[in-house]
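J.: here is the input, now give the coordinates:
(one chain, ligands or ions: 2)
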Amino acid sequence: MKLGIIGAGNMGSSILKGVTSSNFLENKNITIFDLNKEKIQELSKEYGVKKAENENELAKESDILILSVKPNIIPKVLDKIKDDLSEKTIVLSIAAGISIGFIENIIGTDKKVIRTMPNTPAQVMEGMTAVSFNHNIQENEKSMIFKLLNSFGKSIEIEEKLMHVYTGISGSLPAYVYVFMEALADGGVLEGMPRDKAYEIIAQTVLGSAKMMLETKKHPGILKDEVTSPGGTTIAALKVLEDGKFRGTVMEAVKSCTEKSKEMAGE
Ligand SMILES: NC(=O)C1=CN([C@@H]2O[C@H](COP(=O)(O)OP(=O)(O)OC[C@H]3O[C@@H](n4cnc5c(N)ncnc54)[C@H](OP(=O)(O)O)[C@@H]3O)[C@@H](O)[C@H]2O)C=CC1
Ligand SMILES: O=C(O)[C@@H]1CCC=N1
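T.: Ligands and ions are numbered 1, 2, ... in the order given. Take a look at the predicted model:
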């Protein structure tokens, strides 16, 4: 099985890092292509993967071809490679706001097309990826794709129409979490905590909080109540967050992200 990755930017290289750290397939069976020759030279050396000379060469030799270029570049890439794809090639897009139908319109409805929405924690094998399949994907191919996606984290099949909101609660979420963590560190610095210590403390606390929710399966409200002593420190902080419309602001952010994804798709 040969895996090709077109576009080795933030997300493409995160997937590359995750897949090569797993035992999904041997690194020599992975080939990458990016317009930036220096970047692919470095990545191919770092991960022991092959590099293609161009998109066409990669499309011809890949069984699964991951498209990880910006959404506005997708039509150009598809146009270029459409004659290099066989009916067996699985084209897997990670582009925000690019539908399965849009891809089929360019390469043909007889082709195998998968739409996904991963996230950058893939590079530490803690990614979360949503997936929707077109009707040409067989059950055994679905299993293989889940193995691929699970090699760098977890994955879930969703209805394609939910991809927009999924982007709002997962694809883009790492950025909101990092802004929250940076703001927490600023608060710590304001109160005299050295910044490097603050980042370490906050990252471990966010990791532990997420792990607790996954492992205990308790409602987040219950986990919150377990931290919140009557008349204590936590409720004093939560009151400030509520006064600042924390929850409403987060909900608006998810809505705005979802709407942007729909706008990019022309919906
Ligand atoms: N970043 C993220 O967290 C996530 C991104 N995505 C999706 O992933 C895709 C890529 O995003 P991201 O990695 O952030 O973007 P980047 O700009 O970091 O990466 C895209 C890469 O593709 C290269 N490129 C441009 N044209 C071509 C081409 N014709 N052939 C090969 N490579 C090309 C770019 O080179 P150059 O810079 O020289 O143009 C760049 O290195 C997008 O569609 C986005 O919606 C999905 C989930 C999460
Ligand atoms: O910001 C973006 O458009 C991409 C999609 C999800 C995360 N990054």
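
J.: find the closest residue to ligand 2 in the stretch 1-150 of the chain.
T.: Residue nearest to ligand 2 within the stretch 1-150 of the chain: residue 96 (3.8 Å; Cβ to the nearest ligand atom). From N, CA and C alone the C-beta is placed, and that goes for glycine too.

J.: helix, strand, or coil at that residue?
T.: Under DSSP: H, G, I helix; E, B strand; the rest coil, residue 96 falls in the coil class.

J.: quick check, pLDDT for the most far-flung residue of the chain relative to its centre.
T.: The centre of the chain is farthest from one residue, residue 231, which by Cα atoms, centre = their mean lies 40.2 Å away. On the pLDDT scale, residue 231 is placed at 98.

J.: over to residue 23?
T.: Reported pLDDT for residue 23: 89.

J.: one more: residue 249?
T.: Reading off the model, residue 249 has pLDDT 98.

J.: go on, residue 257?
T.: 98.

J.: nearest spatial neighbour of the one residue in the stretch 151-267 of the chain that gets nearest to ligand 2, skipping sequence neighbours?
T.: Per Cβ to the nearest ligand atom, residue 171 is where the stretch 151-267 of the chain lies closest to ligand 2, at 3.4 Å. Nearest residue to residue 171 in three dimensions, chain neighbours excluded: residue 117, at 4.5 Å (Cβ to Cβ, 6 or more residues apart in numbering).

J.: for whatever helix or strand residue 221 lives in, list every residue counted as buried.
T.: According to DSSP states H and E, residue 221 maps onto helix 220-227. The neighbour-count criterion (16 or more other Cβ atoms under 10 Å) identifies no buried residues in helix 220-227.

J.: what of stretch 30-43?
T.: Neighbour counts using 16+ other Cβ under 10 Å place 30-34, 39-40, 43 of stretch 30-43 among the buried residues.

J.: which stretches of the chain have low pLDDT?
T.: In the prediction, the chain carries no residues with pLDDT under 70.

J.: so what are the domain limits for the protein?
T.: Domain assignment for the chain by automatic domain parsing gives 3-159, 171-264.

J.: JSON lines for those, including distance to residue 165?
T.: Shown next, in JSON lines, are these (distance: least, Cβ to Cβ, whole Å):
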{"stretch": "domain 3-159", "distance to residue 165": "9"}
{"stretch": "domain 171-264", "distance to residue 165": "5"}
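
J.: residue contacts, the residue of the stretch 151-267 of the chain closest to ligand 2?
T.: Listed by Cβ atoms under 8 Å, 6 or more residues apart in numbering, the contact partners of residue 171 are 96, 117-119, 130.
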